[in-house]
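Visitor: Here is a sequence together with a model predicted from it:
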Amino acid sequence: MQVLNVRITFRNAPIHLLERFAFKDLDEACKLFKHQAALDECVILQTCNRVEVFAVSRTINEHKVLETWASEVEGGMSADEFAKIAEISTDKEVVSHLLKLSAGLDSLVIGENQILGQVKFAFDFSRNNHCIGPKLSVIFDKAFKVGSQVRNTTGINKGSVSIGSMAVSLAEENLDNLHHKKILLIGSGEGASLVAKALRQRSIKFQVTSRTFERAKSFATTVAGEPITFDNALESLYDIDLIFVSTIAPYFLVTHSRIEAAMKNREKAMMILDLSNPRTVEESVTGIEKVKLVNLDQISEIVEKNIRSKKRKFCLPKR
């Protein structure tokens, strides 16, 4: 059995362009790879700063895997074009990459805890949808154990800053006092929970909404925030100073028309931080007066010092 990993990450593509390579339906994408590329097993890992496909087959046709993914890229792309920007690993290289990834050594923020949970989610999703078998099960199980062990023995995750925390810090730099601002968090997943935790640590009040109100209520109970229905949240945007958006919706939740209407006859500025991949805030809102939009590319600039210091401390130099 052969193992293959093909990935597009923040290392080889600007984060705002990663959405071109993201899959809107992971279940359908897994089935597509298994059918068109003749794979026996498939796991797709998709986060705000990476999209990866782990594949197993008796004889893997690498070109066919690339061709299948390229056919799903927004705007179209040939397999040869895709191969020029994708990172590709095989067999032992795949295992090494997954171990580093689970340990937090390949993250935008070195040592982050979030990636281990995201890898587990990707594995569980594929297993529940019958896209995984014994080969990847063994590899991923080992990665989970190594990821936890590295954190426990080295403390690499101590002092690391999550994307959510960095987003809140950036908002603090741009707005006077968040305690006096009306804040809305759109989303109820892991990324949104990191934003919520960062706000809670600062004792900052905020509203939280999701497409399903029950999910927003559950999120508020377990994490933080005041739940509000999605429709009411959109209707009250005129009163919101700061919006965090962290969802997996395959369409724009925060549109130009909605923000334009919210800013009409308004004196106060509005800041929006889009942590979603694909993006769920329409880029054209930047053209609206007094509206500042920040995406993951801009947030990534904040973590450069974190990356360098963590690598110096925990990563071995190349020989």
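Guide: Thanks, I have the structure now. This structure is a prediction, so every number in the text was calculated from the model and none was measured.
Visitor: quick one: low-confidence ranges for the chain?
Guide: 14-17, 108-109, 157-161, 300-319 (pLDDT under 70).
Visitor: Give me the longest helix you can find in it.
Guide: helix 134-154 (DSSP state H).
Visitor: Which helix or strand lies directly C-terminal to the helix or strand that contains residue 243?
Guide: Following DSSP states H and E, one finds residue 243 within strand 242-245. Later in the chain than strand 242-245, the nearest helix or strand by DSSP H and E is helix 256-263.
Visitor: Identify all contacting residues around that next one.
Guide: Residues from elsewhere that reach helix 256-263 (CB atoms under 8 Å, 6 or more residues apart in numbering): 234, 237-238, 240, 270, 272, 282, 284-285, 287-291. To be clear about C-beta, it is placed using only N, CA and C from the backbone, and glycine gets the same treatment.
Visitor: strand partners of the helix or strand just after it, parallel vs antiparallel please.
Guide: Using DSSP H and E, the next helix or strand after helix 256-263 towards the C-terminus is strand 270-274. Looking at strand 270-274 with DSSP bridges, its partner strands are strand 242-245 (parallel), strand 291-294 (parallel).
Visitor: Skipping adjacent residues, who's closest to the most centrally placed residue in the chain in space?
Guide: A centroid search over the chain (CA atoms, centre = their mean) returns residue 48, at 2.1 Å, as the residue closest to the centre. Nearest residue to residue 48, sequence neighbours excluded (CB to CB, 6 or more residues apart in numbering): residue 277, at 4.4 Å.
Visitor: does that neighbour sit in a helix or strand, and which one?
Guide: Per DSSP H and E, there is no helix or strand for residue 277.
Visitor: before we move on, back to that, please identify the deepest-packed of the strands paired with strand 270-274.
Guide: Comparing the strands paired with strand 270-274 by mean neighbour count (mean count of other CB atoms under 10 Å), strand 242-245 comes out on top with a mean of 26.
Visitor: ok so, going back, let me see the contact set for the residue nearest to residue 48.
Guide: 15, 18-19, 22, 46-49, 248, 296.
Visitor: swap in residue 174?
Guide: Per CB under 8 Å, 6+ apart, neighbours of residue 174: 271, 292.
Visitor: Return the distance of it relative to residue 269.
Guide: Using CB to CB, to the nearest Å, we find residue 174 at a distance of 9 Å from residue 269.
Visitor: residues shared between the contacts of those two?
Guide: residue 292.
Visitor: Would you map the helices across this structure?
Guide: Using DSSP H, helices in the chain cover 26-36, 62-70, 79-85, 92-103, 114-128, 134-154, 163-174, 190-201, 213-222, 230-235, 256-263, 296-302, 304-314.
Visitor: quick one, which of those helices is nearest to residue 5?
Guide: Nearest to residue 5 among the helices of the chain is helix 92-103 (4.4 Å), distances taken as CB to CB.
Visitor: And the closest one, what does it pack against?
Guide: strand 2-9, helix 114-128, helix 134-154 (3 or more CB pairs under 8 Å, 6 or more residues apart in numbering; DSSP states H and E).
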